[in-house]
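Student: Attaching a predicted model along with its sequence, questions to come.
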4 protein chains.
Amino acid sequence: MDLAAQTGAKAKNGNKNGKKANGGKSARDAYYDKISKLDMAPLWVVLKNIIPDEPKTVCAPAIWHFKDVKPLVAEAGSVISAEEATRRVLVLENPKLRGQSRITNSLYAGLQLILPGEVAPPHRHSPAAIRFILDGEGAYTQVDGEKTIMRPGDFVLTPSGTIHDHGNESKKSMIWLDVLDVPTVNFFETCFYEHFDYKRQNTRRDDGDSLVRFGSGVLPDGSPHRNSPIVNYPYAKMRPILERLHEADDVDPVHGARFRYANPLTGGPVMPTMGAHLALLPKNFKGKSYQATDSTIFVCVEGEGVTKVGDTTLEWGPRDVFVAPSWVKYAHRAGKESVLFSISDRPAQEALGLWREKA
Amino acid sequence: MDLAAQTGAKAKNGNKNGKKANGGKSARDAYYDKISKLDMAPLWVVLKNIIPDEPKTVCAPAIWHFKDVKPLVAEAGSVISAEEATRRVLVLENPKLRGQSRITNSLYAGLQLILPGEVAPPHRHSPAAIRFILDGEGAYTQVDGEKTIMRPGDFVLTPSGTIHDHGNESKKSMIWLDVLDVPTVNFFETCFYEHFDYKRQNTRRDDGDSLVRFGSGVLPDGSPHRNSPIVNYPYAKMRPILERLHEADDVDPVHGARFRYANPLTGGPVMPTMGAHLALLPKNFKGKSYQATDSTIFVCVEGEGVTKVGDTTLEWGPRDVFVAPSWVKYAHRAGKESVLFSISDRPAQEALGLWREKA
Amino acid sequence: MDLAAQTGAKAKNGNKNGKKANGGKSARDAYYDKISKLDMAPLWVVLKNIIPDEPKTVCAPAIWHFKDVKPLVAEAGSVISAEEATRRVLVLENPKLRGQSRITNSLYAGLQLILPGEVAPPHRHSPAAIRFILDGEGAYTQVDGEKTIMRPGDFVLTPSGTIHDHGNESKKSMIWLDVLDVPTVNFFETCFYEHFDYKRQNTRRDDGDSLVRFGSGVLPDGSPHRNSPIVNYPYAKMRPILERLHEADDVDPVHGARFRYANPLTGGPVMPTMGAHLALLPKNFKGKSYQATDSTIFVCVEGEGVTKVGDTTLEWGPRDVFVAPSWVKYAHRAGKESVLFSISDRPAQEALGLWREKA
Amino acid sequence: MDLAAQTGAKAKNGNKNGKKANGGKSARDAYYDKISKLDMAPLWVVLKNIIPDEPKTVCAPAIWHFKDVKPLVAEAGSVISAEEATRRVLVLENPKLRGQSRITNSLYAGLQLILPGEVAPPHRHSPAAIRFILDGEGAYTQVDGEKTIMRPGDFVLTPSGTIHDHGNESKKSMIWLDVLDVPTVNFFETCFYEHFDYKRQNTRRDDGDSLVRFGSGVLPDGSPHRNSPIVNYPYAKMRPILERLHEADDVDPVHGARFRYANPLTGGPVMPTMGAHLALLPKNFKGKSYQATDSTIFVCVEGEGVTKVGDTTLEWGPRDVFVAPSWVKYAHRAGKESVLFSISDRPAQEALGLWREKA
């Protein structure tokens, strides 16, 4: 949280409430100067700012239209080599958080481009990452020995500490959305990073292996783990589930026909810091207004529609990425049947006893 | 996290790596300008900053000597009335986080003064708070109907959402250390606050009631809860436990004879965002070097000693408050038998799968 | 446990150890008579029996060959009507537990026959049930509104308290294996039963609905539950998972290529009292010897083989049901590739801290 | 469960429902004979017996008056030496379960006598045990190195697998109530036992050490465990808690002012198979009627009163032990202020999803 504004508040309050001392300085200001030398500050000056009546987000509602950003992402391919960039990514910065490499206060997002023939060599880090595939088809991500070929709408996990690398053995460039919990990891000052010198890790498991083993209602014997072992939740298998929910009329008035990506080892979220949903908004859906404390990143997978976020109206179509900030009311509308992917820090907030919603 | 430095990094890198275009601007810079208009930024410029090889804390080791700060806290009594201040507190600001109302990146701390006859009326908020009593004796904190009289060394909880108020019916002023998870709650943008108009809540339970009911090895029937129901862990009852650990030679080479304040309903930490320990350092204790990802706030309760934090040597005595930042090595030494209270965000880090230590 | 033998033991010990009193009765026996009037008995007489050095099962290894039992099950169709029987089932009684309606000490098993056109109307009870389909195809089980058509190898759950009914709208009679935790429920004296007057419950969900919603790596929002919500784990979807494990050479030296049927809401067993596995024994599999405290019921789904259980050799082929009792060593051998389903009370034993294995 | 009655039921039903065949045997009986040879039996004959509409306990309400049993327990001291007996215990057998060494269907109870100067040497076993001290004072139980001196009303744990031994270094004989989960452990066929050759284990911890370390609201760092680490919950520390509950008018209309002995590492029951409570019935308490599926063993610690169990009225005074069987309604009445200890298998039933109550 940027608390710089508090300094201003302090000065103003100091002048207003204190009595002027010699030279125009109030007694309070003199006192504030004195305690400041010992790294102390008066709480009463900032109390309202640091403990607001309800969340006052530092984020703005925002949207990145794919038709606008795609040419720029493509251009990155000529601006910098994959090798030089390590990962060739354009960071999506929330308009109110420019220079901070975040799309919401706790999450990082970026658009990654990988050209035919390129590889992004293995590394691992404490930040957890997801990929949500936007454009192109046929590049791979490899996580702990499973190499998965990615297609649009696929939801790919690289949990905290897993070795992962990418490559594109297809003939088309690919673009996907990366979301990482980097700001959260850095807020807690817990980031570790390790690079490996080889170009790609060995493939030890078939594509889809973890989905079959862990995402079919059965499990190996063994222990629960806080991260889902499923590498890829492919859109081709997930889309029909939405269809079924829709046909069964299992449609939430706020969220549409929606499921939560799950960790089969616990039934909980896929990772402790981030959680994701996929939702189908039926034709002519007019969602009810909703607010929750988790700032949410949405991606339109199919269809088109409008989301009113506070006073801002965001019009979205395929591959657009948009944000509804913490505790700002939002409501979706869709003329066509549409599919929205969403991801937020809700699991972290729930783990800490902080999450709240109001429908 | 203060990412302002990244902007500088960006510019520098841009100049270094790009080719100059007309008018002195490199092609890369031109590209960066273009993407910036759509709220995008190049990852490769900031990558090393936002995903460091290991935690680079934004905090400094720091200490507040009670003998220096007590007169200033006392002076606050004349600078502002309890009524005007709501809570009369001097915030302890980490020297590297001035203006941000935090002692570590995720925690707030302050020294609260309450004069004889004063009351601080009830409110509640999502930030969780603890009090650790430093000086004076006889003021009360009331939490959910239990009014507890506080004495030096007492550890008092006001978990998220509990209604609490304070008052001083004794004849001496009292000073205690407040620690709150305000920065964490605000990082996740989940702060709610509610004020009540009455001067104090009704007392419905005896002093010590919750300790007897929940902190004696027995429990009422019912459900676990993420917050400890114990209002006060009094020093008079806790100190002998240290003695016993010491006598049984149960002394950790890093931490001394130490216990963890616990939530009896789960065996876990007292609250999901903060956890505390009390440790006895035996006479002539020379602790081994240690590092962990949780920035830790220490309070000396008894004795005196020296803690080396990175290259900084902090000399502490009774009622001094000091900080060892994330992943900076520290080691305690004490000539006299000493007691240290400590508190950090370790439970939050553990819940999110982020905590790491190295002995 | 049948402790009748202890009475004998008591008398014998009593005679051996006590001194004869007048009339041939020892002083101890006289004492035993005296305490017996107050419903007391000497522990030292039975101690070795009730606390043995290691489990001494009351069960025998046993097998029911399908070719032998099928004609008798079929004959039941003419002996009693479905209507009169409520459920037309032949109970498989462990040879050492005749008259006790149990196949192992804690589990009940039976072969259920349902003829074309018959229905078994709805009821519910605290005992949990599973069906494992042996013969025929096309009858249904309906659980909480989902009507599932059953095929050989399907594993169907009717957890504690769920309303369920069966019917056969196909043209062939069907036989399946029922396994219930009836002895466990009765041991704890916790059995409740409720009959409903209507012939079948309304179908509210498509066949396979719960598998799609809960057994695909995704979940609805909501709470964990101790019972799996999946009604049918169909063999057609489970068999290929074994194939994949086998191809990946993920073959346990005792159990073969094996998975555990799981509760997707928790990652735990499908129900708290019973757990099941499906295993592929590769061609020429020679399993290592193994013992565990859970008495296990096996069903051969495909192939043929031999299981040595203690000193007993059981030869099995398709649809045969056999039992390996608690803590008796067993080892599988199969010439052909074979598939074994197994079910036991291991989850109950684990929940109570009692389960132990030795490979 | 004794299912012997079913055989009778079978015969009767068989005769009633079947048509007579030649020689006086019905067709059904002939069929039953035929299937019996293959270890099968008709479910429809026993269905009502094995799945009753609600629990039909095999236990009787029962009471052991201390004034009657004490002389007999004392006499055991001359009947058998501690050495020969291993443990000198009179088993309390439920009147309906004679010869089965159980006081309820799932629990064993006995009165143990230890004379001055005697020792009962170390052993360990999978059955978990508790001692509840009735008479005398000064003998010890030692569990995992902590030697605790026992006094009336003390509640002492020897969880599954812990090494324990007893001895009496006082000048008075002592009697306590043992309760073990032996029938449960044997029902699941999971009993292991190990004897040690030395006379007593080394004492490594002070009396009360575990209570201080784990039962004071604080804990060491480390992992949860399913068994409570507290060796002795002494009456001297527990009785005042009842007093406080009573004074706070925290009196349940069924159970009185009551607490649950807890495992501080989890907040759950002291052991997975057994759970205990201590309750104060205020003067002139007239408890409401209650039923639950756990058969409960009560011990009167102080006072006197009457418990109506079904149609049976049990009058109890100090040190009397009595039983309220599963799902039989009971209600307590006490003229004097009284204290009741109680223990049952409720934690096991809850872990298996089987426990139910009705107030």
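Tutor: Structure received. Source: prediction; values computed, not measured.

Student: What is the neighbour count of A:Val321?
Tutor: 24 (other Cβ atoms under 10 Å in any protein chain shown). The C-beta positions use only the backbone N, C-alpha and C, and glycine is treated the same way.

Student: I meant to write A:Val328 there.
Tutor: 22.

Student: show me what contacts the closest residue to A:Thr296 other than its chain neighbours?
Tutor: Nearest residue to A:Thr296, sequence neighbours excluded (Cβ to Cβ, 6 or more residues apart in numbering or on different chains): A:Ser344, at 4.3 Å. Neighbour list for A:Ser344: A:104, A:107, A:274-275, A:294-297 [criterion: Cβ atoms under 8 Å, 6 or more residues apart in numbering or on different chains].

Student: For those residues, pick the one with the most neighbours.
Tutor: A:Asp294 (30 neighbours).

Student: mind checking how far that one is from A:Val321?
Tutor: 16 Å (Cβ to Cβ, to the nearest Å).

Student: Contact partners for A:Ile343?
Tutor: A:107, A:130, A:132, A:179, A:274-277, A:296-297.

Student: ok, now A:Arg346?
Tutor: Neighbours of A:Arg346 in contact, by Cβ under 8 Å, 6+ apart: A:269, A:275, A:292, A:294, A:355.

Student: Got the confidence number for it?
Tutor: Looking at A:Arg346, its pLDDT stands at 98.

Student: Which one of the contacts of A:Ser344 is nearest to chain D?
Tutor: Nearest to chain D among these is A:Gly275, at 25.2 Å by Cβ to the nearest Cβ.

Student: Do I have it right that the closest one meets A:Arg260?
Tutor: Yes. A:Gly275 is within contact range of A:Arg260, at 6.8 Å (criterion: Cβ atoms under 8 Å).

Student: where do the contact lists of those two overlap?
Tutor: A:Pro269.

Student: Neighbours of the residue in the stretch 51-200 of chain A positioned nearest to chain C, how many?
Tutor: At 9.7 Å from chain C, A:Phe155 is the closest residue in the stretch 51-200 of chain A, using Cβ to the nearest Cβ. A:Phe155: 23 surrounding residues under other Cβ under 10 Å.

Student: what about the nearest residue to A:Ala292 once chain neighbours are set aside, distance to C:Asp221?
Tutor: Among residues not flanking A:Ala292 along the chain, A:Glu357 sits closest, at 3.9 Å (Cβ to Cβ, 6+ apart). A:Glu357 sits 11 Å away from C:Asp221, going by Cβ to Cβ.

Student: what's the answer for A:Pro52, then?
Tutor: 28 Å.

Student: These two: which has the busier surroundings?
Tutor: A:Pro52 (15 against 12).

Student: ok, for the residue in the stretch 1-150 of chain A that chain D sits nearest to, nearest residue in space, not its chain neighbours?
Tutor: Chain D sits closest to A:Ser126 of the stretch 1-150 of chain A, with a gap of 21.8 Å, by Cβ to the nearest Cβ. Leaving aside its sequence neighbours, A:Ser126 sits nearest to A:Phe192 (Cβ to Cβ, 6+ apart; 4.8 Å).

Student: Hmm, that neighbour is touching A:Asn186, no?
Tutor: No. Using Cβ under 8 Å, A:Phe192 is not in contact with A:Asn186; the gap is 11.5 Å.

Student: Give me the more crowded residue out of these two.
Tutor: Higher neighbour count among A:Phe192 and A:Asn186: A:Asn186, with 27 against 20, using other Cβ under 10 Å.

Student: would that one count as being in a helix?
Tutor: Yes. Assignment of A:Asn186 by DSSP: H, G, I helix; E, B strand; the rest coil places it within a helix.

Student: okay, it: pLDDT?
Tutor: Value listed for A:Asn186 in the pLDDT field: 98.

Student: Kindly report the same for A:Ser342.
Tutor: 98.

Student: Could you verify that it is part of a helix?
Tutor: No. A:Ser342: not assigned to a helix; according to three-state DSSP it is strand.

Student: who's in contact with it?
Tutor: Taking Cβ under 8 Å, 6+ apart as the test, what A:Ser342 contacts is A:276-279, A:296-299.

Student: got the phi/psi numbers for A:Ala331?
Tutor: phi -150, psi 140 (degrees, to the nearest 10).

Student: Okay, it and A:Lys308: tell me how far apart.
Tutor: Taken as Cβ to Cβ, the span from A:Ala331 to A:Lys308 is 5 Å.

Student: Quickly find the element holding A:Gln349.
Tutor: helix A:346-351 (DSSP states H and E).

Student: So A:Thr190: helix, strand or coil?
Tutor: coil.

Student: The residue in the stretch 201-350 of chain A that chain D sits nearest to: what's it in contact with?
Tutor: Nearest residue of the stretch 201-350 of chain A to chain D (Cβ to the nearest Cβ) works out as A:Ser223 at 13.0 Å. Applying Cβ under 8 Å, 6+ apart, we find A:Ser223 in contact with A:Leu265.

Student: ranges for the helices of chain A?
Tutor: A:4-17, A:27-36, A:43-50, A:66-79, A:82-85, A:182-187, A:209-214, A:235-247, A:346-351 (DSSP state H).

Student: and among the ones you listed, the most buried is which?
Tutor: Mean neighbour count (mean count of other Cβ atoms under 10 Å in any protein chain shown) peaks for helix A:182-187 among the helices of chain A, with a mean of 26.

Student: Using PDB, write out every CA atom in it.
Tutor: Written as PDB, here are the backbone C-alpha positions of helix A:182-187 (Å, rounded to 0.1, in the frame of the first residue of the first chain):
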ATOM      1  CA  VAL A 182       5.100 -12.000  -7.000                       C
ATOM      2  CA  PRO A 183       3.700  -9.000  -5.100                       C
ATOM      3  CA  THR A 184       2.500 -11.200  -2.300                       C
ATOM      4  CA  VAL A 185       5.800 -13.100  -2.100                       C
ATOM      5  CA  ASN A 186       7.700  -9.800  -2.000                       C
ATOM      6  CA  PHE A 187       5.300  -8.300   0.500                       C
END
